[in-house]
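**Q** Generate coordinates for the sequence data below:
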Amino acid sequence: MILTPTPIAGVAIIDLEPRQDDRGFFARSFDREEFVRAGLNPHVEQANISFNHRAGTLRGMHFQVAPHPESKLIRCTRGAIVDTIVDMRWGSPTRLQHVSVELTADNRRALFVPAYFAHGYQTLVDETEVTYMVSGAYAPGAERGLRHDDPALGLSWPLPVADASTKDLSWPLLESWSPQQLAAVSGDTT
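**A** Got it, this is the predicted structure:
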């Protein structure tokens with residue numbers, strides 16, 4: 001594995017190092033010790049799959065607040081996505097900045113998403129499947145979200161949004177969040 005840090009601390013792109021022969025290849029896609037050495041939280045409590053029928057489908061931007069934060073390792077196993085994350089950590093020098101990475105079944109790339117980052121993606125082709133390894137259990141009361149089109153974030157998506165859930169289209173704009181709501185994302189209650 002090759003773990004490449006991004007300009008946002010704690011976020012890493014994971015590429016495979018395939019060992020090939022006549023049969024195909026073998027590659028390690030997760031190694032707890034390598035993640036620890038890179039300063040990433042390798043704890044996995046759940047594994048999830050998301051299947052999407054149409055190109056342009058948008059899922060996100062989701063995250064969980066304290067005391068139920070979750071980090072994620074995202075990989076596209078069929079089709080292609082643009083995966084985007086936004087730093088929501090209170091006091092972070094990169095707060096509200098984002099990273100976008102194209103993850104495809106062909107490039108076999110993964111993205112490590114730290115806790116307190118909003119996460120979402122858009123499918124680039126029909127019949128796309130995404131896997132998530134997640135560090136914490138889903139806690140409905142701790143779930144929050146950002147609008148994919150919030151002007152405060154300046155996110156751009158490669159395709160027009162063809163499909164999104166009512167919930168994802170209804171998240172409030174950041175301008176309506178109080179400073180206390182923003183601080184509470186990562187457990188700061190001061």
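**Q** going forward, measure contacts between C-alpha atoms and count neighbours the same way
**A** Will do.
**Q** backbone phi and psi for the nearest residue to Ser156 once chain neighbours are set aside, please?
**A** Sequence neighbours aside, Asp149 is the residue nearest to Ser156 in space, at 8.0 Å (criterion: Cα to Cα, 6 or more residues apart in numbering). Here the main-chain torsion angles of Asp149 (degrees, to the nearest 10) amount to phi -110, psi 20.
**Q** Distance of Asp149 relative to Gln46?
**A** Note on Asp149: its distance to Gln46, by Cα to Cα, to the nearest Å, is 29 Å.
**Q** tally of neighbours for the residue nearest to Ala66 when sequence neighbours are not counted?
**A** Distances taken as Cα to Cα, 6+ apart put Gly187 closest to Ala66, at 5.0 Å, once the chain neighbours are dropped. Counted with other Cα atoms under 10 Å, the neighbours of Gly187 add up to 17.
**Q** OK, contacts around Gly187?
**A** Gly187 is in contact with 65-67, counting by Cα atoms under 8 Å, 6 or more residues apart in numbering.
**Q** Tell me the one of those residues nearest Leu159?
**A** Closest to Leu159 out of the contacts of Gly187 is Val65 (29.3 Å), distances taken as Cα to Cα.
**Q** who's in contact with Gly136?
**A** Remark: with contacts taken as Cα under 8 Å, 6+ apart, Gly136 is in contact with 44-46, 68-71.
**Q** Any chance of JSON lines for these, columns neighbour count, distance to Ile8 and secondary structure?
**A** Rendered in JSON lines, the data for those read as follows (neighbours: other Cα atoms under 10 Å; distance: Cα to Cα, whole Å; DSSP: H, G, I helix; E, B strand; the rest coil):
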{"residue": "Val44", "neighbour count": "17", "distance to Ile8": "22", "secondary structure": "coil"}
{"residue": "Glu45", "neighbour count": "12", "distance to Ile8": "24", "secondary structure": "coil"}
{"residue": "Gln46", "neighbour count": "13", "distance to Ile8": "25", "secondary structure": "strand"}
{"residue": "His68", "neighbour count": "21", "distance to Ile8": "22", "secondary structure": "coil"}
{"residue": "Pro69", "neighbour count": "23", "distance to Ile8": "18", "secondary structure": "coil"}
{"residue": "Glu70", "neighbour count": "25", "distance to Ile8": "17", "secondary structure": "coil"}
{"residue": "Ser71", "neighbour count": "24", "distance to Ile8": "15", "secondary structure": "coil"}
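**Q** Out of these, which is nearest to Glu129?
**A** Gln46 (16.7 Å).
**Q** No further questions, thank you.
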